[in-house]
Structures are given as C-alpha cells and as structure tokens.
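Undergrad: Give me the fold of what follows.
(2 chains)
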Amino acid sequence: MLDDPAVALTIFTLSIFVGFEVIAKVPPLLHTPLMSGSNAISGITIVGAILSAGHEDRTISTVLGFVAIVFATINVVGGFLVTNRMLEMFQPKKRS
Amino acid sequence: MNTQLIQLAYLVAAVLLILGMRGLSSAKTAPRGNLIASIGMLIAIVATLLMNKVVDYTVVFAGIVVGSGIGVVLARRIEMTAMPQMVALLNGFGGGASALVATAEYLTYDRTGVTPEGVVPYAIVAGLLIGAVTFTGSIIAFAKLQELMRGAAITYPGQNFVNALIALSVLVLAGMVVAGIQGLVPFWALAAVSLLLGVLLVIPIGGADMPVVISLLNSYSGLAACATGFVLGNSGLVISGSLVGASGLILTKIMCDAMNRSITNVLFGAFGAAPEAGGATGDGESQGTAKGYTPEDAAVIFANARSVIIVPGYGMAVAQAQHAVRELGDLLESNGIGVKYAIHPVAGRMPGHMNVLLAEADVPYENLIEMDEINPEFPETDVALIIGANDVVNPQARTEKGSPIYGMPILDADRAQHVFVIKRSMNPGFAGIQNPLFFNDNTMMIFGDAKKVVLSIVEAVRAFN
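TA: The predicted structure is shown next:
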C-alpha cells in the first residue's frame, strides 16, 4: 500500500496533524510523562526490527535486527513502565 | 497471516496509541491512557510476529527477552531526579534501533541484488541519518546529564567550519546511496559521518538548554521510526512515528518560547557567544554584596507570613531536596500559611521536570501552578522561596536589553514582599550572568545545599512555634 509515494505521504502528513492536535492538549504538568510515553511509542520501530531479524536466512542483517529488537524493546518496555510509575505519582492519595 | 488482517491490526494499534496519548490531557485519565497505548503497541508487535515474512522466532524472542529485562530494571530502579538521563537514553535506543533496521534492510537489498525503488532509498538514508544522529546525540546528552562529561557548552575554533564540512559530506554520501552506487562504501561512510554528526551537534549545547535538546531528540526518534516505516512499507510505523515526531516538535517549540530563543539560536548559539558569556560573569562586585542570612531568619519571616510561593529549580533536583521541600510546605500549611509552587516551563533539565519531582514527594498537583497563572499573585505574596533556581527568576530578562536572557519570560518572584533564595554559592547561573535579584533590599540569601538548608528551615520553624 505504501508503495505509492503519494499514499505514504498522505498518511504521514495526516498523522503529523493528528499528533499536533492531540499533543497540544497535554498540560505542562505532564510533559515529562508525555516524553517518556511518546518515547515508548517511538519503540514501534520494533516492528521493523522483528521483520529484519525474522528472515529465514541468517545473515549480518539478522544480527543487526537482533540488536535493534533489544534496543527497541528497552524503549517500549522501559518507556511504558517508567511512564506508568510517574503517572501513579500524580494520582491523588491519602496523605499521612 | 493474511496481509489485510495485519494491516487492520496496525490500524487498531494506531488508533489505540492516539487514544492513549489523548488520555495524557489530564492527570486523572493519564494512567489509563498509558495502558491503552501499551495495548496498542502489543497488538502491533503480535501482528508483526504473525506475518509470513517472520519465520525465525528464536532470534526475535531472544531479543525481546533481553530488551524487556533491561527495560524493566531501568524503569524500576531509576531515581526520579535522574529522569532526564533516562529519557535521553530511551531516545537513543529508539533512534539506534531505527538506524539498525535501515542498515539491515539496505544490506538485504545489497545481498539479494534487488534495487530499492520509489521512496525506499530516500527512506533508508533518512532512517540511517536521523537514527544515528539520535543515537549518538542522545548518548552525549545522557553523558552530560549524568555528569560523565562536562555539562557546559564545548566549543572549539573552527567549529562552524567542521560542522559545515560534515553536513556537506552527509549530503554527498546520501546522494550517492540514493543514486544506487554499487558497493557498500558510501553507505558505511554515511553511517560513520551520521554518528559523528550526532556527537558534534550536542557537545556545544549547555546544561540549561537540555530541555530543548531532549525534546528535539525525542522528535527525531519518532521521525527515524517513521522513516523505517517507509522503508518497510508499514503504515503502523509511519503513523506512530509521526505521532512522536509531532509531539517532540511541540515540546521543542514550547521550550524555545519559554526561553525566548529560536531553535537555531539554541542549537548553534554557543559557537559565537561562548567567550562573551564567559566574560560577563565578573559583574557581581559592582552591584554590591548579597546578604547572607540563616534559616532562623527565615523562620521569623515565615512566622508572620500568610502566603508563600515556592520556586523550585535545577538546584532542588541536584540536591534531591523535593521531599524536604514538601515537608516544609506541609509544616507551613499546618501553621495556616497558603503554600503554592511556581513552575517555570524550563526549570530543570527536561520539560515537566519539577512537576515530576514534586509529585514524587506527594505535593498535590493542584498546587503546582504554571508561570502565567502564578505571576499576578507574586505582588500579594508575603514570601517567595527560591530553591536552586536562578535564570528563570532573573529580572534582567525584563529590563536589560543587552542581556543574553533579555525577553525571556520569567517568574516575578522579585515582586513578592520578601524573597528567600537558597543557593549553593554566588556562582552565576547557566547563562553566565549575574542576577540582580540577589542584591535587592527585600532579598535574603541562604547559602548551602538545598536539602540541608530546607531541613534546617523546617527545624527553625518548628523551634520558633
């Protein structure tokens, strides 16, 4: 589907606009969780890493793909967990 | 699995990621948003695992297990004060992963002798370049924040020339790769130069400009993922990547506005300005001497105060003073004093840095007030207590046309009836300029480590009651 550059560019441009609209509503209070959360999302590149590492023939690309999976997983898992840890702190709780 | 089903799964994933990000618009809905986004991510990963192209699961699962282990440990162990480093590191991993994917794909094309078509060669070059710059740039940012290297701007003669040379070679090498020149030499050369570029772009950026750099690298890590999406023809990657790209760009703009500087000035400003900024540090003597006071003096003032605004800065983070600050805030409140916290957008080393630290110390977020909202309250406030902040309360920004921070929006702490400044020493802040606030008649300086001073103020207030 993305073979057509015009389609690809359309998706890209519209996504950027959606991104601007959604992110502009995030209050400064939550800017740090926003960064770590969006960081986790940029770990979506794990999808590409899986495709590179999962080829049937093992080559140098498999090795690069493996390292890429490790990096991207750190990003995804570390990003979502640390974001959750921070957001929990913003929840109202009974203070002693 | 059916290609169309997989595309639909990506669509569902993308929608969940967008809904998740939208959850971040309020603290109440944010944890659920984060959960929704992570479910979206899980769907994208599972869908990819089910693709026919993926046959070798051993390597894939090994990578996921290793990465998850490291990710869990990092996320659990990291101190809240070290969050800027953590985010820098995560940016770097994301960018690095994208650069590796671009490389792996290029090598596969090369090995199989197939020529990449359409947008693919451009996307490969973009993924490699942006990913590699994000990777090394983030590592340098991490090293600066972790104080593994000097945090100040690093400049050297001919810096502009060297960078221009590097930029030119990036263009030439990228052109050669896109043109499909045989052999791997141009590609590896481009990889090397891109990695170098990341280092060179971040070393001239000083500590207080880190919020901008981290936001920008955040954006890059998304754009790099986006580029790999074009390489692989994967819409899920393109949508999520551009979402992150947009998010980072917005934060970059907010940070730049909060310093009244352009992005070019932040990124390249150090080259010309460094010697000048260094020369301006000697003004201290000419403005008179700042008066040193004790925590007991503060207790006396607090005893007669009705309202206090606390202004935290990077010094609070360095001294890990957030819990002590909360203790003081609670004590003052129990004495019937109204306590609020004034948060400047660029206080600290990353967007929202102060909010996270104070939230960690259980300060209710309703009491963390943004700059525009709190500024009108300073003149009616009895005490402004500035803890480890400097440039963000420097009144020079309002008046001195020649000052490097002229025009930067500041917190009007100087307009409070009394101002206490807790500061390690009289060293000027990042901008290298003296702060006239310290010499005002209504300003009282208390020198020392932020945590120790705040704790002794707590003691003194208790003793005074």
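
Undergrad: okay, CA-based contacts and neighbour counts for the rest of this
TA: Will do.

Undergrad: number of nearby residues for the residue of the stretch 351-465 of chain B found nearest chain A?
TA: Residue of the stretch 351-465 of chain B nearest chain A, by C-alpha to the nearest C-alpha: B:G352 (4.8 Å). B:G352: 25 surrounding residues under other C-alpha atoms under 10 Å in any protein chain shown.

Undergrad: got the domain boundaries for chain B?
TA: Domain segmentation of chain B under automatic domain parsing yields B:1-77, B:88-281, B:288-464.

Undergrad: winner for burial among these?
TA: domain B:88-281 (a mean of 22; mean count of other C-alpha atoms under 10 Å in any protein chain shown).

Undergrad: Give me the pLDDT for B:G407.
TA: pLDDT, B:G407: 85.

Undergrad: which ones are touching it?
TA: B:G407 makes contact with B:N260, B:A397, B:R398, according to C-alpha atoms under 8 Å, 6 or more residues apart in numbering or on different chains.

Undergrad: Wasn't the first one part of a helix?
TA: Spelled out, that is B:N260. No: counting by DSSP: H, G, I helix; E, B strand; the rest coil, one finds B:N260 to be coil, located in no helix.

Undergrad: Not counting sequence-adjacent ones, nearest residue to it?
TA: B:M408 (4.7 Å; C-alpha to C-alpha, 6 or more residues apart in numbering or on different chains).

Undergrad: just to revisit the earlier point, I'd assumed A:P27 was in contact with the residue of the stretch 351-465 of chain B closest to chain A.
TA: No: in this structure, B:G352 is not within contact of A:P27 by C-alpha atoms under 8 Å, at 9.4 Å.

Undergrad: SS state for the residue nearest the centre of chain A?
TA: Per C-alpha atoms, centre = their mean, the C-alpha nearest to the average position across chain A is that of A:I41, at 1.5 Å. Under three-state DSSP, the three-state class of A:I41 is helix.

Undergrad: Could I get the contacting residues of it?
TA: A:V76, B:L17, B:A37, B:M41, B:S240, B:G241, B:V244.

Undergrad: Relative to chain A, how far out is the last one?
TA: Same thing as B:V244. Distance of B:V244 to chain A, given as C-alpha to the nearest C-alpha, to the nearest Å: 5 Å.

Undergrad: Excluding chain neighbours, give the residue nearest to that residue in space.
TA: Setting aside the residues directly before and after it, B:V244 is nearest to B:G222 in space (C-alpha to C-alpha, 6+ apart), at 4.7 Å.

Undergrad: and what of the first one?
TA: Once its chain neighbours are removed from consideration, A:V76 has its nearest residue in A:A40; the separation is 4.2 Å (C-alpha to C-alpha, 6+ apart).

Undergrad: measure the residue of the stretch 351-465 of chain B closest to chain A to B:V213 for me?
TA: According to C-alpha to C-alpha, to the nearest Å, B:G352 stands 14 Å off from B:V213.

Undergrad: same question, B:M255
TA: In terms of C-alpha to C-alpha, B:M255 sits 9 Å off from B:V213.

Undergrad: Near B:N465, how many residues? Count them for me, please.
TA: 9.

Undergrad: Now do the SS call for the residue nearest to the spatial centre of chain B.
TA: Nearest residue to the geometric centre of chain B (C-alpha atoms, centre = their mean): B:M350, 3.0 Å. Secondary structure, three-state DSSP: B:M350 is coil.

Undergrad: For it, grab phi and psi.
TA: phi -160, psi 160 (degrees, to the nearest 10).

Undergrad: again with B:M445
TA: Dihedral angles (degrees, to the nearest 10) for B:M445: phi -90, psi 140.

Undergrad: Go ahead and confirm it touches B:V421.
TA: Yes: contact criterion C-alpha under 8 Å: B:M445 and B:V421 qualify, at 4.8 Å.

Undergrad: Are there residues contacting both of the two? Which ones?
TA: Joint contacts of B:M445 and B:V421 (C-alpha under 8 Å, 6+ apart) are B:F438.

Undergrad: ok, back up a step: please state the offset of the helix or strand that contains the residue nearest to B:V244 from the chain centre?
TA: For B:G222, the host element (DSSP states H and E) is helix B:210-232. Computed by C-alpha atoms, centre = their mean, to the nearest Å, the chain-centroid distance of helix B:210-232 equals 14 Å.

Undergrad: tell me what it is packed against?
TA: helix A:31-42, helix A:46-53, helix B:83-112, helix B:120-145, helix B:235-258 (3 or more C-alpha pairs under 8 Å, 6 or more residues apart in numbering or on different chains; DSSP states H and E).
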